[in-house]
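Chemist: Okay, predicted coordinates and the sequence, questions at the end:
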Amino acid sequence: MNILFFTKGDRKVGSSRLRVWLIAEELQAKYGLHYEVFHSVHYSVFSFTVARFRIFSEIFSKIRDTQHQILFVHKSLYPWDVVLLILAGRFLLRKRLVYDLDDAEWEHSFLKTWLLTKSAHAVFCGSHPILEWVEKHTPHAFFIPTVVDAVLYKSFSVQHKKRQQVTIGWVGVGRGYFQDGHFGILKPALDELWRKGLSFRFVVLGAQNHQPLKDYFNEEAYETIFVDELDWAGRASVPRAIHEYQFDIGVMPILDTPFDRAKCAFKAIEYMACGVPSVASRVGEATYLIQEGKNGFLAGNTDEWMHALQRLIEDADLRGAMGKQAQETITLHYSYEHTISQIYEILNTQ
């Protein structure tokens, strides 16, 4: 089996790395599949440069290549001529088409998303809200969450114990997260907990040297640590940082919008894989991932955020018990060990 992957970015781009590059490597290592990744197609459909036609010609050649039996398309962020070329490969050249969604692409590219969904032999859905949308348009929908190497992450498990200062941690793309307003959900709870006398620090992994984000938190009295960049292409980079900074609690505040509702809750998945209990907004995939009071907490307003964080800050035994349950959840449902065989079976049968 030989797969031609299309994705928006290289290994440093989070969704591309997690949904394409690492999955391709796992399929090759476990089943001997061959693959090629075509990425970073960013020209405008109205561009008439030599570079644009060179890229188009290269894509055309790769789709025509008989060694590529499967076209695996991640997202719909491609110029229209590339989308039509992929569809021609599906219908004229009889290639099998797999479409992979880990965002609410229909919110900004409805027609492309609808066409690829209707045309695909299988649609991989990174969250249950995505699955619900896709099932309205095709019977070939499969829940394929964004997953981690559970064994690798477990090797960076955080050991929970009583501390004078508890670490609340966040990981992600700080600039975009701040600009979209998600930190505004968390900050009032942190501010109030500090005023109540609870001792904690806040660690931001992926601040990207974004000064407005730093200013937003630096005006407060509690300690905030900003780690501007990680080696995002490295498999162990995030779990190593979670362990290095000894996250006691992982947080995932997210606004309840149609686009954000479809997110894959990957921040919480990474915390939980390291044995760190999460507090997350009661939005989207988090409501399937987190079992309230067992492997984490869900919060819908400032009072709920405060209550969940305070319980975890004050009780190391609770953090340890929840962290253990969280790790079991990831191993059973959000790991390569669980998912890669499922992907391989779908690729072979659809």
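Modeler: Looks like it arrived, so ask away.

Chemist: any idea how this structure splits into domains?
Modeler: The record assigns the chain these domain ranges, following automatic domain parsing: 2-147+336-349, 150-333.

Chemist: I'd like these as JSON lines, with mean pLDDT and mean neighbour count appended.
Modeler: All C-beta spots, glycine's among them, are computed from the backbone N, C-alpha and C. Below are the domains of the chain laid out as JSON lines (pLDDT from 0 to 100; neighbours: other C-beta atoms under 10 Å):
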{"stretch": "domain 2-147+336-349", "mean pLDDT": "95", "mean neighbour count": "18"}
{"stretch": "domain 150-333", "mean pLDDT": "97", "mean neighbour count": "19"}
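
Chemist: Using CSV, list the CA coordinates for stretch 156-168.
Modeler: Provided in CSV are the C-alpha atoms of stretch 156-168 (Å, rounded to 0.1, in the frame of the first residue of the first chain):
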residue,chain,number,x,y,z
PHE,A,156,7.6,11.6,31.5
SER,A,157,4.9,11.2,34.2
VAL,A,158,4.6,13.8,36.8
GLN,A,159,4.8,12.5,40.4
HIS,A,160,2.2,14.3,42.5
LYS,A,161,3.1,15.3,46.0
LYS,A,162,2.4,18.2,48.4
ARG,A,163,4.2,21.3,47.3
GLN,A,164,4.5,24.8,48.8
GLN,A,165,3.8,26.2,45.3
VAL,A,166,1.6,24.2,42.8
THR,A,167,2.3,24.5,39.0
ILE,A,168,-0.7,25.2,36.7
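
Chemist: how far does it sit from the chain's center?
Modeler: Centroid displacement of stretch 156-168 relative to its chain, using C-alpha atoms, centre = their mean, to the nearest Å, is 24 Å.

Chemist: What are the contacting residues of that stretch?
Modeler: Stretch 156-168 has contacts (C-beta atoms under 8 Å, 6 or more residues apart in numbering) with 190, 198-203, 223, 236, 239-240, 242-243, 245-251, 274-276, 309, 312-313, 316-317, 319-320, 323, 327.

Chemist: And the strands in this structure?
Modeler: Assigned by DSSP state E, the strands in the chain fall at 2-7, 34-39, 70-74, 96-101, 122-125, 141-143, 166-171, 200-205, 223-227, 249-252, 278-281, 296-299.

Chemist: Which other helices and strands does the last one contact?
Modeler: Based on contacts counted as 3 or more C-beta pairs under 8 Å, 6 or more residues apart in numbering; DSSP states H and E, the elements that strand 296-299 packs against are strand 278-281, helix 286-289, helix 302-314.

Chemist: Serialize the strands of the chain to TSV and add fields for distance to residue 25.
Modeler: As requested, those are exported to TSV (distance: least, C-beta to C-beta, whole Å):
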stretch	distance to residue 25
strand 2-7	11
strand 34-39	9
strand 70-74	14
strand 96-101	16
strand 122-125	17
strand 141-143	20
strand 166-171	22
strand 200-205	23
strand 223-227	26
strand 249-252	26
strand 278-281	27
strand 296-299	29
